[in-house]
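Trainee: The sequence and its predicted three-dimensional model are supplied below.
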Amino acid sequence: MRQVAVNMVETLARQDDRVVFIGSDLGPGLLKNMKADMPDRFFMEGVAEQHIIGMAAGMAMEGYIPYINTIATFLTRRCFDQIAIDVCLENLPVRLIASGGGLVYAPLGPTHLAFEDMGLLRTLPNMAIAAPVDAPEMERLMRASLDWKGPLYIRLAKGGDPVVSRAEAGFAIGKAIAMRQGGDVTLIGTGIMTGRALAAAEQLETQGISASVLHMHTVKPLDDAAVLEAAAGTGLIVTVEEHTRIGGLGSAVAELLAETDGAPRLLRLALPDAFPEGYGSQDNLLSLAGLTVDGITGAVTKALEGRK
């Protein structure tokens, strides 16, 4: 997914002279053809993340569309003030490509885990937040990003993720995609968790439970109409995300449903409000949080049993 994203920067740069790439201490071979052919639009800075935000904001004010890429934790926690003041306050078209969203860097410990990145940036006016489910959808997002008017945060998954998106479903920033229809429960996923939600829906079907799946590739702006349509047709909504339960997709849906008369029950499946403990793989930490296909299936079944 990351390789598709950075390759698309070069593709877009060859189509549009406004596109520039800014990296922070990344591999020397990254986008080597763009660096050779467009040296005035390729910049590899050092370990200076706050600097590259200010640099990108300045370029955007001169008419460029900067695409920044570095590790998600350094891009969000470390640069929050620069993103807020330099980029969002001015509503500039800066693209933040965040490697290692969620628990991708689990082997490196909690200092590298971006489990609260979407919650941080959701608080900033003008910021849009997207988390594609697979590499083909990342390509569609990158193409759509060129015309997005304001700042955009692009959360990358680990890579090699199962392909579940369909080109014929279309893609537009801010528009959710209905992936599956059912009547008993609606699962709303973002990022790679939509794939697990789809697999859980298949398991639920074997138990006689009919589940819809709504893919929310854009967490902000939230597709309110899609959520409310789903809410009108089901008795239980379940959000599934690789993010702390505070501030992410589940919170966005909860905020909407709290102001909706007759809203169905909401179950939020997410990481706990705690710094992840221990080391291991991404899948290991997701398993500890119950964010496996079996875990999602079990949580939905338990929630539906509680309604009887």
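Mentor: Ah, there it is. What you are looking at is a predicted structure, and each value in this text was computed from that prediction instead of being measured.

Trainee: can you tell me how far Thr234 sits from Ala211?
Mentor: Thr234 is 9 Å from Ala211, where distance means CB to CB, to the nearest Å. For the C-beta atoms, the positions are set from N, CA and C on the backbone; glycine is no exception.

Trainee: Which strand or helix spans Arg140?
Mentor: Using DSSP states H and E, the element containing Arg140 is helix 135-145.

Trainee: Could you give the separation of that helix from the chain centroid?
Mentor: Centroid displacement of helix 135-145 relative to its chain, using CA atoms, centre = their mean, to the nearest Å, is 12 Å.

Trainee: What of stretch 73-92?
Mentor: For stretch 73-92, the distance to the chain centre is 17 Å (CA atoms, centre = their mean).

Trainee: for stretch 216-229, same thing?
Mentor: On the basis of CA atoms, centre = their mean, the separation between the geometric centre of stretch 216-229 and that of its chain is 13 Å.

Trainee: For that stretch, the averaged confidence score.
Mentor: For stretch 216-229, the mean per-residue pLDDT is 97.

Trainee: Mind listing what's buried along it?
Mentor: Going by neighbour count (16 or more other CB atoms under 10 Å), the buried part of stretch 216-229 is 216-220, 222-223, 226-227.

Trainee: Stretch 81-91 now?
Mentor: Under the neighbour-count criterion of 16+ other CB under 10 Å, stretch 81-91 has 82-84, 86-88 buried.

Trainee: what's the span of that stretch, first residue to last?
Mentor: 14 Å (CA to CA, to the nearest Å).

Trainee: For it, the averaged confidence score.
Mentor: 98.

Trainee: Please apply the same query to stretch 257-273.
Mentor: 95.

Trainee: Of the buried residues of stretch 81-91, which belong to strands?
Mentor: Using DSSP state E, no member of those falls within strands.

Trainee: Go through the residues you listed and name the one nearest Leu286.
Mentor: Nearest to Leu286 among the buried residues of stretch 81-91 is Ile83, at 27.1 Å by CB to CB.

Trainee: Identify the residues contacting the closest one.
Mentor: For Ile83, the contacting residues are 53, 76, 96, 121, 124, 127, 151, by CB atoms under 8 Å, 6 or more residues apart in numbering.

Trainee: ditto for Gln203
Mentor: Counting by CB under 8 Å, 6+ apart, Gln203 touches 293-294, 297.

Trainee: out of those residues, which are buried?
Mentor: Neighbour-count burial (16+ other CB under 10 Å) applied to those gives 293, 297.

Trainee: Now the terminal residues of stretch 266-275, how far apart.
Mentor: Terminal residues of stretch 266-275 lie 24 Å apart, using CA to CA.

Trainee: Any buried residues in that stretch, and which?
Mentor: Applying 16+ other CB under 10 Å to stretch 266-275 flags 266-271 as buried.

Trainee: Check stretch 279-293 too.
Mentor: Of the residues in stretch 279-293, 282, 285-286, 288-289, 291-293 count as buried by neighbour count, 16+ other CB under 10 Å.

Trainee: what's next to it, contact-wise?
Mentor: Residues outside stretch 279-293 that contact it (CB under 8 Å, 6+ apart) are 102-104, 106-107, 109, 158, 193, 196, 199-200, 203, 240, 242, 269-272, 276, 278, 295-296, 298-299.

Trainee: Go through the residues you listed and flag which are in helices.
Mentor: Counting by DSSP state H, those place 193, 196, 199-200, 203, 295-296, 298-299 in helices.

Trainee: Buried ones from those, can you make that a PyMOL selection?
Mentor: Selection of buried members from those for PyMOL, criterion 16+ other CB under 10 Å:
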select buried, resi 193+196+199+200+203+295+296+299
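
Trainee: Could I get the ones in helices among the contacts of stretch 279-293 in JSON lines, plus columns for distance to Ile68?
Mentor: Below are the ones in helices among the contacts of stretch 279-293 laid out as JSON lines (distance: CB to CB, whole Å):
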{"residue": "Met193", "distance to Ile68": "25"}
{"residue": "Arg196", "distance to Ile68": "29"}
{"residue": "Ala199", "distance to Ile68": "33"}
{"residue": "Ala200", "distance to Ile68": "34"}
{"residue": "Gln203", "distance to Ile68": "39"}
{"residue": "Gly295", "distance to Ile68": "34"}
{"residue": "Ile296", "distance to Ile68": "33"}
{"residue": "Gly298", "distance to Ile68": "39"}
{"residue": "Ala299", "distance to Ile68": "36"}
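
Trainee: List just the nearest of the ones in helices among the contacts of stretch 279-293 to Gln181.
Mentor: Nearest to Gln181 among the ones in helices among the contacts of stretch 279-293 is Ala200, at 15.1 Å by CB to CB.

Trainee: That closest one against Val300, yeah?
Mentor: Yes. Between Ala200 and Val300 there is a contact under CB atoms under 8 Å: 6.8 Å.
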